[in-house]
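Undergrad: Return a 3D structure for these sequence lines:
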Amino acid sequence: MDDIEGSESISDRVAEELQRRILNGVIPVGSWLRHNSIAEEFGVSRTPVREALRVLHARGIVTIVKNRGARVNGHSGRDVRELGEVRAAIEGLAAELAVHRINDAQVLQMQRALDDFADAIERYTGSPELSESDEANERWAKANSDFHGAIVAGSGNRQLMLSLEDIGRRLPLNSSYPAYKGNTRLLKQNLQEHQRIAEAILAHDAEAARRAMVDHIKSASESLARYVEEHERRA
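TA: Modelled structure (predicted):
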């Protein structure tokens, strides 16, 4: 990792990167994560590594074994689907509330995120090397986060936001990207789902907005669950 310093704590950054690798299948289920090797790779002390592994343990992704390190559990397909059901219900409510509460700045953020997502598809797809690059990953992740963030903020409900933060600690928002990477069809489907949500919000159709968001989250969760199960079969 080139630059681990930033607004997030070092341990959070390490935890997010390790979780990304586990979901990607780069770190296989059953692998051992050793404090010394992780600290050396990330150029940090053992303290933030221990904290990062505790975070992953709390999320159910690893099991910490005294004097040995942490063993990767990973999320099962069932875990992903269950978390997706909860997220779908909460974000569906967010979209419904946003119809009545979203402000101009949040609408602009939502629309810009749609444009950026579409531009990223045009720029990076068609070339496996480009579509699977870190640059593409970061571009899609930001557009996705900005889109969902605008709607959640537009709901105006702080308790809803806190509930989503809790879900996000166990399954981050952009976890489905590994299932989409290198698959133009799925990426375009994801964009179309975003567009349907935005159209319903702008049309002031609360029921359509909720339904479109629920369908979108469940679709993304199902894609990730199948991806996880396919990697489990190969292991």
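
Undergrad: ok, Asn144 touching Pro172?
TA: No. Between Asn144 and Pro172 there is no contact under Cβ atoms under 8 Å: 10.7 Å. (C-beta placed from N, C-alpha, C; glycine too.)

Undergrad: quick one, longest helix in the protein?
TA: helix 206-234 (DSSP state H).

Undergrad: And that helix, what does it pack against?
TA: helix 77-101, helix 177-180, helix 184-202 (3 or more Cβ pairs under 8 Å, 6 or more residues apart in numbering; DSSP states H and E).

Undergrad: List the buried residues in the longest one.
TA: Residues of helix 77-101 classed as buried: 77, 79-81, 83-84, 86-99 (neighbour count, 16 or more other Cβ atoms under 10 Å).

Undergrad: Mind checking the pLDDT average for that helix?
TA: Average pLDDT, helix 77-101: 96.

Undergrad: Helix 184-202 and that helix, what's the angle between them?
TA: Helix 77-101 and helix 184-202 meet at an angle of 30 degrees, taking axes from the mean of the first three to the mean of the last three Cα atoms, to 10 degrees as the criterion.

Undergrad: Skip ahead from helix 77-101 and say which helix or strand is next.
TA: helix 104-124 (DSSP states H and E).

Undergrad: Taking helix 77-101 as reference, get the angle to that next one.
TA: 130 degrees.

Undergrad: tell me how far helix 104-124 is from the chain's mean position?
TA: 17 Å (Cα atoms, centre = their mean, to the nearest Å).

Undergrad: Mind listing what's buried along it?
TA: Gln106, Val107, Gln109, Met110, Ala113, Leu114, Asp116, Phe117, Ala118, Ala120, Ile121, Tyr124.

Undergrad: Would you mind giving the domain segments of this structure?
TA: 10-72, 77-234 (automatic domain parsing).

Undergrad: hey, least reliable of the ones you listed by pLDDT?
TA: When I compare these, domain 10-72 is least confident, with a mean of 87.

Undergrad: For that domain, what is the distance to the chain centroid?
TA: With Cα atoms, centre = their mean, you get 18 Å for domain 10-72.

Undergrad: same question, stretch 83-92
TA: On Cα atoms, centre = their mean, the centre of stretch 83-92 falls 13 Å from the chain's centre.

Undergrad: Using CSV, write out every CA atom in it.
TA: The C-alpha trace of stretch 83-92 is given here as CSV (Å, rounded to 0.1, in the frame of the first residue of the first chain):
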residue,chain,number,x,y,z
LEU,A,83,-26.4,-8.5,5.2
GLY,A,84,-27.8,-7.5,1.8
GLU,A,85,-31.4,-8.0,2.9
VAL,A,86,-30.8,-5.7,5.9
ARG,A,87,-29.0,-3.1,3.8
ALA,A,88,-31.7,-3.2,1.1
ALA,A,89,-34.5,-2.5,3.7
ILE,A,90,-32.6,0.4,5.2
GLU,A,91,-31.4,2.0,2.0
GLY,A,92,-34.9,1.4,0.5
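
Undergrad: what residues does it touch?
TA: 75, 148, 151-152, 160, 163-164, 167, 170-171, 210-211, 213-214, 217-218, 220-222, 224-225 (Cβ atoms under 8 Å, 6 or more residues apart in numbering).
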